[in-house]
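K.L.:
fold the following and give me the result.
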Amino acid sequence: MPMQRRQGGFTLVEMAIVLVIIGLLLGGILKGQELIQSARVRNIADQNSGVQAAYYGFIDRYRQVPGDWSQANAVKAIPGVQTGGNANGRLDAVSGNDYTEALALWEHLSKSRFIQGNYVGGSDQPNVDETDQAPRNAFNGFLMLYRSSDYADPNASPSEQLNLILGAGIPVNVLAELDRKIDDGLPRSGVLRHAVTTGGTFGTISQSSADCVDTSETPMIWDIETNQQLCNAVYLY
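P.N.:
Model (predicted):
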């Protein structure tokens with residue numbers, strides 16, 4: 001009697017096990033991506049809170065605005081400080097230069113130990129090769145605290161207001177989640193706003209891609225579908 005040949009292949013049970021394993025792997029990958037994004041959102045939120053606390057803490061201790069405090073008096077109060085501003089009580093241009101006080105601020109805050117780092121101030125735009133001019137976000141964009149109107153607003157000409165530039169190069173989905181987490185979720189209202197797309201005070205440091213916002217909606221919304229990776233926002237103080 002001829003022997004029956006056993007047919008090869010997977011059983012239904014084996015196929016079910018494989019599908020379950022694939023499902024678990026995909027679920028783990030998606031959950032991992034979600035955790036990474038949440039960590040990035042928390043990092044930006046924590047940076048913002050830290051800078052805000054440092055700024056007001058400095059004013060409370062020294063009764064001076066960091067960065068705006070004159071170099072002559074700041075060096076007497078804070079060891080190692082070499083730069084300063086015009087002492088007019090606000091962060092703005094010194095002799096037409098916007099970088100002087102904006103970068104002196106980080107030197108004052110770091111050398112008074114209100115923030116980590118050891119920043120040295122300056123009068124020119126920082127570049128990616130410089131590590132001692134200003135803090136950076138998780139995407140390597142520079143943070144800048146300054147008084148400007150470089151933010152989106154329903155009014156055609158928003159007023160100048162102290163704000164923290166969160167740094168260029170932030171993915172739009174991260175900014176959208178951050179906005180929902182700490183504000184109203186909309187890019188043109190509340191305290192978290194979309195940065196200007198042209199004409200920023202600090203050039204590309206303070207600008208964002210126009211693709212980050214869907215202007216066809218009312219009110220305008222963060223445009224997640226574009227998957228734009230070069231977004232920027234400001235937090236109004």
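K.L.:
residue ranges with poor pLDDT in the chain?
P.N.:
1-10, 13-15, 18, 23-36 (pLDDT under 70).
K.L.:
spatially central, which residue of it would that be?
P.N.:
Taking CA atoms, centre = their mean, the centroid of the chain lies closest to Leu166, which sits 2.7 Å from it.
K.L.:
ok, now how distant is Tyr151 from Lys111?
P.N.:
29 Å (CB to CB, to the nearest Å). Using the backbone N, CA and C atoms, a C-beta is placed for each residue, glycine as well.
K.L.:
brain fart, Asp132
P.N.:
Asp132 is 12 Å from Lys111, by CB to CB.
K.L.:
go on, Ile44?
P.N.:
Distance of Ile44 to Lys111, given as CB to CB: 24 Å.
K.L.:
comparing those two, which shows the higher neighbour count?
P.N.:
Neighbour count, other CB atoms under 10 Å: between Ile44 and Lys111, Ile44 has more, with 24 against 21.
K.L.:
so after the helix or strand in which that one is found, what's the next helix or strand?
P.N.:
Secondary structure assigned from DSSP states H and E places Ile44 in helix 12-62. Using DSSP H and E, the helix or strand that follows helix 12-62 in sequence is helix 71-77.
K.L.:
which helices and strands does that following helix pack with?
P.N.:
Contacts defined by 3 or more CB pairs under 8 Å, 6 or more residues apart in numbering; DSSP states H and E place helix 71-77 against helix 99-111.
K.L.:
one more time with 10 Å
P.N.:
Contacts defined by 3 or more CB pairs under 10 Å, 6 or more residues apart in numbering; DSSP states H and E place helix 71-77 against helix 12-62, helix 99-111.
K.L.:
what sits up against it?
P.N.:
Helix 71-77 is contacted by residues 61-62, 64, 66-69, 81-87, 100, 104, 107-108, 111-112, 121 when judged by CB atoms under 10 Å, 6 or more residues apart in numbering.
K.L.:
hmm, back to that, burial count for the residue nearest to the residue nearest to the centre of the chain when sequence neighbours are not counted?
P.N.:
Nearest residue to Leu166, sequence neighbours excluded (CB to CB, 6 or more residues apart in numbering): Ala233, at 5.1 Å. For Ala233, the count of nearby residues is 30 (other CB under 10 Å).
K.L.:
just checking, Ala233 touches Thr197?
P.N.:
No: with contacts counted by CB atoms under 10 Å, Ala233 stays clear of Thr197, the gap being 11.9 Å.
K.L.:
need the residues touching each of the two.
P.N.:
Ala152, Ser208, Cys212.
K.L.:
can I get those in TSV with distance to Ile17 and secondary structure?
P.N.:
What follows is the shared contacts of Ala233 and Thr197, written out as TSV (distance: CB to CB, whole Å; DSSP: H, G, I helix; E, B strand; the rest coil):
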residue	distance to Ile17	secondary structure
Ala152	52	coil
Ser208	48	coil
Cys212	44	helix
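K.L.:
kindly reformat those as a markdown table containing neighbour count.
P.N.:
What follows is the shared contacts of Ala233 and Thr197, written out as a markdown table (neighbours: other CB atoms under 10 Å):
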| residue | neighbour count |
| --- | --- |
| Ala152 | 21 |
| Ser208 | 31 |
| Cys212 | 26 |
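K.L.:
in JSON lines, list those residues along with distance to Pro126.
P.N.:
Formatted as JSON lines, these follow (distance: CB to CB, whole Å):
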{"residue": "Ala152", "distance to Pro126": "24"}
{"residue": "Ser208", "distance to Pro126": "18"}
{"residue": "Cys212", "distance to Pro126": "23"}
